Structure formats: structure tokens, C-alpha cells
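Trainee: coordinates for the following, if possible.
(2 chains)
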Protein chains: 2
Amino acid sequence: MPLPQRITVVTLGARSVAALRAFYAAMGWVENDGSDETYASFTTGSLRLALYPIELLGQEAAPGDRVAASDTWNGVTLGVNVATREEVDEAFASALAAGAQAIQHPTERSWGGYSGYIADPEGHRWELAWAPWFTTFD
Amino acid sequence: MPLPQRITVVTLGARSVAALRAFYAAMGWVENDGSDETYASFTTGSLRLALYPIELLGQEAAPGDRVAASDTWNGVTLGVNVATREEVDEAFASALAAGAQAIQHPTERSWGGYSGYIADPEGHRWELAWAPWFTTFD
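Mentor: Residues are numbered from 1 along each chain as shown, chains lettered A, B, ... in the order given. Next up is the predicted model:
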């Protein structure tokens, strides 16, 4: 069989699982059962977001490779679409209240939507977005 | 409202959208309508995987920040669960045939499953996995 067009897990290599877990909990995200000190996961639709120590993840995923420096951007963004511009503003403010770093305040986009960017405590970037053609979610 | 527990998009900053698009097409993945030379997206369940030039993505997501060096691992993995061990082996072989780099051949895991790792042409890591408690997918 081919590799199916499917993503079931996004795993963020964590420098501190405890710090990231605390941040996502402060955002109101609910962990799946089976989490422990080195592993946390959160279900979102057909996907799970997982947190796992970066040195352990690297032993499997990148043996022998250097890991990107912690003060650089990793080249990836995670997006959360919401139903209205107002929800972008509200979610952005809620994320900051939970300890997120403001990267770019919500603004109109050339592609016809409205979005802003935040970072979690280890710099993972999240785009909070409204797009007019994508306003309902599972 | 809080930031919802939801991920609608994973965007990979691409050094060459053309090269990554060609790789995912070779894997049999089907692009969404609306793709162009600088943007490609692929639907998987409740999520879209998007490819966008890393310098343009960085202008929004990481203005003023350094980008992780291209010869380092970015600290993130994307996972594709399949229904059986045999499907892991088959999907792994198919990915290599499509031009993926073999990072770690499928092996039994301490957590009770079976998985291997590949990299796309820009080093994004994919875990192809079988887990006994997760064998059906949307």
C-alpha cells in the first residue's frame, strides 16, 4: 500500500514537557488518558497533538542529527481556524492570558482572511485565523 | 472565547515548494483546489497539510527571528498510523520508492507498537506507526 494521505499525530519535541503541558492546560486544553510525565497528548478532530521530550524523540526521529537551536524558529506553523474575525481576537487575547507570546497581532491578510500569530513557551508558532470559506469545523 | 482545542492546518515552511509538492505527489497525495506555485495543501481528516515558502511564512510567523538551519532537525514529527504491522512495512517501502529518505527502519517499540521514520526531501520527519489501540481512521 502507498503511504496513506493521513496525519494522525503531530508531536512537538519538548525541552520541558511540564512547561508545555502547563501552558496547554492553561489554554483549557484537555489531555487524553494515558499521559505521564514524559508524554502528553490532546485530541483535536482526527488528529492528536503530542508532547514528548525532544532528546527522546530525536533518538527515534533524527538519530545522529543536530537539533535546531532553541532560539530559532523551526519553520513550521500550526493553524487554528475559527468562525469569525471576532473569535480570532478573542482567542488571541485568551492565549496571551494563558501565557502565550504575542508574535503578530491579528490583521487582515492578502489571501482574504484575518489572522494573528502566537508562540507557546518553547516558540512553537500558532496562527489563529478566520478564512471566509472555512468557518465550520468537526 | 478560549483558543479552541483544534488544529486545522499544519504548514511546513518550504525551501522549495516545487520539490516538496513533487515528493508528496509521488506518494500519491492529492492536492486541494486553489493550489498555486507558492502554496499547496492536502486534506487529511479534519486537518490540512500546507506547503508555503519558508521565507514568506517566516515574515508572518517569526518576523525578525532566525530560522533553524536546513541541516538540523526541526524538533517535530508527523505521524501516520496504519492498521497493521504489515501496512507499516508496505507504507515505508512505498515512501522510499517515492523518494523519501529512510531514517529508521520499522521496529518494535517499547510503548507496544511498531514504527519507522522517513524524511521528506527537506528533512521533515514522518513516523509510520501501528499501535494496537488505534487501528481505525476517519
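Trainee: pull out the buried residues from the longest helix anywhere in chain A.
Mentor: Scanning chain A for the longest helix, with DSSP state H as the assignment, gives helix A:85-97. Using 16 or more other C-beta atoms under 10 Å in any protein chain shown as the test for burial, helix A:85-97 gives A:85, A:87-95. No exception for glycine: its C-beta is placed from N, CA and C like everyone else's.
Trainee: residue contacts, A:T135?
Mentor: A:81, A:83-84 (C-beta atoms under 8 Å, 6 or more residues apart in numbering or on different chains).
Trainee: ok, and of the residues you listed, which contact chain B?
Mentor: A:N81 (C-beta under 8 Å from any C-beta of the partner chain).
Trainee: per-domain residue ranges of chain A.
Mentor: A:1-64, A:77-138 (automatic domain parsing).
Trainee: quick one: average confidence on the shortest one?
Mentor: Summarised as a single mean, pLDDT over domain A:77-138 is 97.
Trainee: coming back round to it: what would the longest helix of chain A look like as PDB? C-alpha coordinates only.
Mentor: Below are the C-alpha coordinates for helix A:85-97, written out as PDB (Å, rounded to 0.1, in the frame of the first residue of the first chain):
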ATOM      1  CA  ARG A  85     -12.900  37.800  12.900                       C
ATOM      2  CA  GLU A  86     -14.100  38.500  16.400                       C
ATOM      3  CA  GLU A  87     -13.300  34.900  17.500                       C
ATOM      4  CA  VAL A  88      -9.700  35.400  16.300                       C
ATOM      5  CA  ASP A  89      -9.400  38.500  18.500                       C
ATOM      6  CA  GLU A  90     -11.000  36.700  21.500                       C
ATOM      7  CA  ALA A  91      -8.800  33.500  21.100                       C
ATOM      8  CA  PHE A  92      -5.700  35.700  20.700                       C
ATOM      9  CA  ALA A  93      -6.400  37.500  23.900                       C
ATOM     10  CA  SER A  94      -7.200  34.300  25.700                       C
ATOM     11  CA  ALA A  95      -4.000  32.700  24.500                       C
ATOM     12  CA  LEU A  96      -2.000  35.700  25.800                       C
ATOM     13  CA  ALA A  97      -3.800  35.500  29.200                       C
END
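Trainee: stretch A:112-122 near chain B anywhere?
Mentor: Yes - applying C-beta under 8 Å from any C-beta, one finds stretch A:112-122 touching chain B at A:115, A:117.
Trainee: any buried residues in that stretch, and which?
Mentor: A:113-122.
Trainee: would you mind writing the CA trace of it as PDB?
Mentor: Below are the C-alpha coordinates for stretch A:112-122, written out as PDB (Å, rounded to 0.1, in the frame of the first residue of the first chain):
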ATOM      1  CA  GLY A 112      -8.800  37.300   2.100                       C
ATOM      2  CA  GLY A 113      -8.800  36.300   5.800                       C
ATOM      3  CA  TYR A 114      -7.800  37.700   9.100                       C
ATOM      4  CA  SER A 115      -5.200  36.100  11.400                       C
ATOM      5  CA  GLY A 116      -2.600  36.600  14.100                       C
ATOM      6  CA  TYR A 117       0.300  34.600  15.500                       C
ATOM      7  CA  ILE A 118       1.300  33.400  19.000                       C
ATOM      8  CA  ALA A 119       4.100  31.300  20.300                       C
ATOM      9  CA  ASP A 120       3.900  28.700  23.100                       C
ATOM     10  CA  PRO A 121       6.700  28.800  25.800                       C
ATOM     11  CA  GLU A 122       9.100  26.900  23.600                       C
END
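Trainee: before I go, just wanted to say thanks for your time.
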